[in-house]
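Student: quick one: sequence and predicted model below, then my questions.
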Amino acid sequence: MLVFVDESGDTGMSGKEGQSDFFVVTLVRFANNKEAERADARIDRLRSDLRLNQRFEFHFYGVRSETRKLFLQTMASFDWGFLSFVMNKKALWSPTFNSPEKLHNYTTSLVFENAKPYLVDATVVIDARGGKLFRRELSKYLKRQINREERLIRKIKHEESHRNNLLQLVDMVSGSIYRSMNPKKKDAWDYRKIVEGKAIEQVRVCP
């Protein structure tokens, strides 16, 4: 089993200049590794279809609306599912969350707690953003929290998203959920509607 994790928004407290009101963490799960390989290869072909450089990165905020829709429609034909957790930072009150790392780790752990029934000896791949110490602490935190009773996570790897097609998939899904939280955007639900049927559980908003 392969699991890919990415986020949208930022971990700064809401209300401060330049900070988002929401922080979204999304997990994409492939129960079948062969299906993950097929999806990976299809993303390579999609670049060719669109006459893009093979090193081009599909990033939700870096592509046009038409490309977002085509990417998500293409990938929806594969067998995968996702869980997303939306942290409403406007409602947070604890000073604990003034720490970006603690907010990130807490939100990520909520996603994995909800994903427990769907994880079996999973290899987890997380976008390699953040410093080395942060990545190491996040890996330790997740294993400690999620593997308490049984080993649901076998291994955690941090990879650069521009080198991993399936991290680009979870980026596009997470960006879709994040966009849907902004009703002022004309396309707020355009992308989420495409992937809604792939949700393993209903998208959760906290608190």
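Tutor: Sure thing, it's come through.
Student: from here on, contacts and neighbour counts on C-alpha atoms
Tutor: OK.
Student: can you pull the buried residues of the helix or strand bottoming out on mean pLDDT in the chain?
Tutor: Least confident helix or strand, the chain: helix 132-146 with a mean of 87, by mean pLDDT, DSSP states H and E. For helix 132-146, the neighbour count (16 or more other C-alpha atoms under 10 Å) marks 135, 138-139, 141-143, 146 as buried.
Student: repeat that for stretch 16-26.
Tutor: For stretch 16-26, the buried set under the neighbour-count rule, 16+ other C-alpha under 10 Å, comprises 20-26.
Student: closest to Asn105 out of those residues?
Tutor: Val25 (10.0 Å; C-alpha to C-alpha).
Student: can you give me the neighbour number for Asn168?
Tutor: Actually, residue 168 is Gln. It isn't Asn. Residues lying near Gln168 (other C-alpha atoms under 10 Å) number 24.
Student: ok, and the closest non-adjacent residue to Thr142?
Tutor: Heads up, residue 142 is Leu, not Thr. Distance criterion C-alpha to C-alpha, 6 or more residues apart in numbering; nearest residue to Leu142, sequence neighbours excluded, is Ser109 at 6.4 Å.
Student: check which helix or strand covers that neighbour.
Tutor: Using DSSP states H and E, Ser109 sits within helix 100-115.
Student: in CSV, list the C-alpha atoms belonging to that helix.
Tutor: Provided in CSV are the C-alpha atoms of helix 100-115 (Å, rounded to 0.1, in the frame of the first residue of the first chain):
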residue,chain,number,x,y,z
PRO,A,100,3.5,26.2,12.9
GLU,A,101,5.1,22.8,13.5
LYS,A,102,2.6,21.8,16.2
LEU,A,103,-0.4,22.9,14.0
HIS,A,104,1.0,21.0,11.1
ASN,A,105,1.7,17.9,13.1
TYR,A,106,-1.7,18.0,14.8
THR,A,107,-3.7,18.4,11.6
THR,A,108,-1.6,15.7,9.9
SER,A,109,-2.2,13.3,12.8
LEU,A,110,-6.0,13.9,12.6
VAL,A,111,-5.9,12.8,8.9
PHE,A,112,-4.0,9.6,9.8
GLU,A,113,-6.2,8.9,12.8
ASN,A,114,-9.2,8.9,10.5
ALA,A,115,-7.3,6.8,7.9
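Student: how about the helices in the chain?
Tutor: Shown for the chain, the helices assigned by DSSP state H span residues 33-49, 65-75, 100-115, 132-146, 165-180, 192-195.
Student: the first one packs against which elements?
Tutor: With contacts defined as 3 or more C-alpha pairs under 8 Å, 6 or more residues apart in numbering; DSSP states H and E, helix 33-49 has these neighbours: helix 165-180.
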